[in-house]
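Chemist: My questions are about this predicted structure, shown below with the sequence.
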Amino acid sequence: MTAFEIIFLIALSLYFINLVVFTIGASKNYPKLPKEKLPTATVIVAARNEEKNIYECLVSLDKLEYPENKLEIIIVNDNSTDNTEKIISDFIKDNPKFKLYVPEKILGNLKGKANALANALKIAKGEIILTTDADCIVNPKWVETICSYYQDDVAFVGGFTTQEDKTAFQAMQAIDFVYLLTVAAGSLNLGKPLAAIGNNMSYRKSVYDEIGGYENLPFSITEDFRLLRSIHQLKKYKCIYPIDENALVVSKACENFKELYWQRKRWGVGGKESDLFGYLTMVWGYISKVMILLTPIFFSLNAFYLSLTKIVIDYFFAKNVFVKLKLKMKLFHFLVFEIYYTIYVIILPFIVLPSKKVKWKGRTF
């Protein structure tokens with residue numbers, strides 16, 4: 001074998017081992033509480049200039065199946081300049097489980113969404129806090145399913161998010177979400193937090209208060225991951241990420257490459273907060289993708305087979321979770337995702353390392 005083939009084989013082998021480990025971790029099962037023991041819950045949605053999406057989100061939240069005396073829903077108008085607040089006000093009128101909240105002050109050094117959430121958490125009454133985004137549609141059993149995992153020693157429960165997949169562009173993003181969240185779930189269930197996503201996550205309010213809230217944490221553009229890491233570092237509670245179809249959330253996909261660029265850059269900047277384990281996980285995947293890109297240059301039959309093996313490994317890794325979530329994944333959409341994923345992972349360091357500047361929801365961080 002050539003040196004190129006040997007390096008490719010080693011990187012691919014380690015990449016495969018990583019995915020096997022993540023699959024095992026993500027497949028862990030957890031006990032659930034009976035319905036009569038479900039805790040009180042607060043759902044918080046921070047909305048900024050979401051007049052196109054907020055109504056559908058509110059409709060899905062209104063369909064949540066949970067004891068009314070145990071559920072409150074706080075919609076935060078995060079300084080919107082469009083009709084977001086009016087749409088919320090009109091919808092929640094005469095619906096007591098909904099509350100509209102407008103942040104009155106900046107807490108600590110917080111900015112944007114983190115500040116909106118921190119303000120809402122000051123008035124939240126639920127034992128369990130669940131967050132989603134204004135461009136998301138939740139499963140009617142979402143709150144019930146997430147809260148059922150809160151045994152006494154559990155402080156954090158993550159949930160899976162996919163995206164609308166009516167086009168190949170949307171579908172590749174949907175696969176990307178499931179793929180990355182499977183890595184996040186597998187690693188967290190084995191005791192190593194690598195990622196979290198704020199449009200489907202939850203945590204115990206008392207533990208949030210124990211760490212001092214968002215205002216006690218260094219500001220991060222990925223406030224959800226920073227919060228998870230802080231809870232995990234207490235080393236007193238369990239943080240889990242079950243695969244459960246009833247806890248699934250569906251979000252809107254980015255509409256164009258510009259929006260996708262800033263979203264992925266935001267994730268990349270947040271990913272710089274990872275520890276050594278996180279960076280090693282990224283390295284094997286990164287080298288494997290570089291090798292695929294170089295295969296046409298250093299072409300050999302062995303390199304071709306290794307490239308094909310990498311694609312097959314990715315397919316079954318994602319497909320396994322799609323089946324568990326009862327989602328469909330078309331082969332063509334997966335191939336589009338594989339091309340996109342290879343390119344974006346390779347160029348991401350060159351986007352993230354020179355500058356931390358991120359544009360998101362009309363703000364620059």
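Modeler: Great, that's in hand. Numbers count the residues shown, from 1 in each chain.
Chemist: and stretch 5-22, average pLDDT?
Modeler: Stretch 5-22 shows a mean pLDDT of 92.
Chemist: Okay, buried residues for that stretch please.
Modeler: For stretch 5-22, a neighbour-count test (16 or more other CB atoms under 10 Å) marks 5, 7-9, 11-12, 14-16, 18-19, 21-22 as buried. For every residue, glycine as well, the C-beta is placed using N, CA and C.
Chemist: hey, C-alpha coordinates of it in CSV?
Modeler: Taking C-alpha atoms only, stretch 5-22 is exported to CSV below (Å, rounded to 0.1, in the frame of the first residue of the first chain):
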residue,chain,number,x,y,z
GLU,A,5,-3.5,4.6,1.3
ILE,A,6,-2.1,3.8,4.7
ILE,A,7,-2.9,7.2,6.2
PHE,A,8,-6.4,6.9,4.7
LEU,A,9,-6.9,3.5,6.2
ILE,A,10,-5.8,4.5,9.6
ALA,A,11,-8.0,7.6,9.7
LEU,A,12,-11.0,5.8,8.3
SER,A,13,-10.5,3.0,10.9
LEU,A,14,-10.5,5.5,13.8
TYR,A,15,-13.4,7.3,12.2
PHE,A,16,-15.3,4.0,12.0
ILE,A,17,-14.5,3.2,15.6
ASN,A,18,-15.8,6.6,16.7
LEU,A,19,-19.1,6.1,14.9
VAL,A,20,-19.5,2.6,16.4
VAL,A,21,-19.0,4.1,19.8
PHE,A,22,-21.4,6.9,19.2
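Chemist: From the rest of the structure, what touches it?
Modeler: With contact meaning CB atoms under 8 Å, 6 or more residues apart in numbering, stretch 5-22 is reached by 1, 182-183, 185-187, 190, 281, 284-285, 287-288, 291, 300, 302-303, 306, 309-310, 313-314, 317.
Chemist: go again using 7 Å as the cut-off
Modeler: Residues from elsewhere that reach stretch 5-22 (CB atoms under 7 Å, 6 or more residues apart in numbering): 182-183, 186-187, 190, 281, 284-285, 287-288, 291, 300, 302-303, 306, 309-310, 313, 317.
Chemist: just stretch 39-48 next, same as before
Modeler: Contacts of stretch 39-48 (CB under 7 Å, 6+ apart): 54, 57, 61, 66, 70-80, 84, 113, 116-117, 120, 124-134, 143, 147, 150, 361.
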